[in-house]
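S.K.: Take this sequence and fold it.
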Amino acid sequence: MEGAELPELWSHRCRWANPKNERYLQYHDEEWGVPVYEDQKLFEMLVLESFQAGLSWECVLNKQEAFRKAFDGFDLEIVCGYGKEKMEELKRNSGIIRNGRKIQAAVENARIFRKIQEEYGSFSNYLWHWTDGAVIYEKGCSRSELSDTISGDLKKRGMKFVGTTIIYAYLQAVGVIYSHEAGCYLEYKKQG
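M.R.: Below you'll find the model as predicted:
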């Protein structure tokens, strides 16, 4: 990408998309806000969003490949089987965020994720049933009645690090909520 083109491209993206981080731009342009229906990707994003708590999404995104490797490709069955030894190994892994509470929550949340799959046939069915399969178009929010409801349900089931702000960001990331900012070239792409 030519340096002369950067300011023009930057002015046509959401303000949060750091123009100096190619991975972040790729995420903004190709992933954020795109509806996800595959349970493995939904699980990966839920784990990553839970690790974001108190940090920036850019920090987590920069470590995504290390997280994938550390968490066995986010294979749900493997993560559900993690014991103390694996969790201690993850706490020593300098490539990821080494927060013991978040690591333990990721494993416990995986087991609850699997229970939801069993109840609904897939986690995708569970997630999308809240909107009857529709994408919600809204921007400028960090929580909503929808994120409050889903967060409350997940907490009731025993999940951790799934507060309404985290769940709102998750819903944006997996395309349940479409929130590209005014002036972003993707603002109306999905709508019209």
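S.K.: Tell me where the model's unsure across the chain.
M.R.: 1-11, 188-192 (pLDDT under 70).
S.K.: longest helix in it, by residue count?
M.R.: Using DSSP state H, we find that the single longest helix of the chain is helix 100-120.
S.K.: what's that helix in contact with?
M.R.: The list of residues contacting helix 100-120 from outside it, by CB atoms under 8 Å, 6 or more residues apart in numbering, reads 39, 43, 46-47, 50-51, 53, 71, 76-77, 79-80, 82, 87, 90-91, 123, 126, 129, 154, 157-162. Where C-beta positions appear, they are placed from N, C-alpha and C, glycine not excepted.
S.K.: Just list the residues touching Leu90, thanks.
M.R.: Ala70, Phe71, Ile96, Arg98, Ile103.
S.K.: Spit out the contact partners of the nearest residue to Phe67 once chain neighbours are set aside.
M.R.: Once flanking residues are discounted, Phe67 sits nearest to Ile96: 5.3 Å by CB to CB, 6 or more residues apart in numbering. Ile96 makes contacts with Phe51, Lys63, Ala66, Phe67, Ala70, Leu90, as judged by CB under 8 Å, 6+ apart.
S.K.: CA atoms only: put stretch 157-166 into CSV for me.
M.R.: C-alpha atoms of stretch 157-166 as CSV (Å, rounded to 0.1, in the frame of the first residue of the first chain):
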residue,chain,number,x,y,z
ARG,A,157,-25.8,-20.7,32.4
GLY,A,158,-22.5,-20.1,34.2
MET,A,159,-20.3,-18.4,31.6
LYS,A,160,-17.8,-15.8,32.8
PHE,A,161,-16.4,-12.7,31.1
VAL,A,162,-19.6,-12.3,29.1
GLY,A,163,-20.8,-8.9,30.4
THR,A,164,-23.1,-6.9,28.2
THR,A,165,-20.3,-4.8,26.7
ILE,A,166,-18.3,-7.9,25.8
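S.K.: Same question for it: list its buried residues.
M.R.: With burial defined by 16 or more other CB atoms under 10 Å, the residues of stretch 157-166 counted as buried are Met159, Lys160, Phe161, Val162, Gly163, Thr164, Thr165, Ile166.
S.K.: just checking, the first one is part of a helix?
M.R.: No. Read with DSSP: H, G, I helix; E, B strand; the rest coil, Met159 is coil and lies in no helix.
S.K.: And Asn62, how far from Leu55?
M.R.: In this view, Asn62 and Leu55 are 11 Å apart by CB to CB, to the nearest Å.
S.K.: show me where the chain has strands.
M.R.: 136-137, 177-178 (DSSP state E).
S.K.: So which of the ones you listed is the most surrounded?
M.R.: strand 177-178 (a mean of 22; mean count of other CB atoms under 10 Å).
S.K.: How about the contacts made by Asn99?
M.R.: Shown in contact with Asn99 (CB under 8 Å, 6+ apart): Phe51.
S.K.: show me where the protein has helices.
M.R.: 6-10, 22-30, 39-52, 57-62, 64-70, 76-80, 84-91, 100-120, 123-129, 145-157, 164-173.
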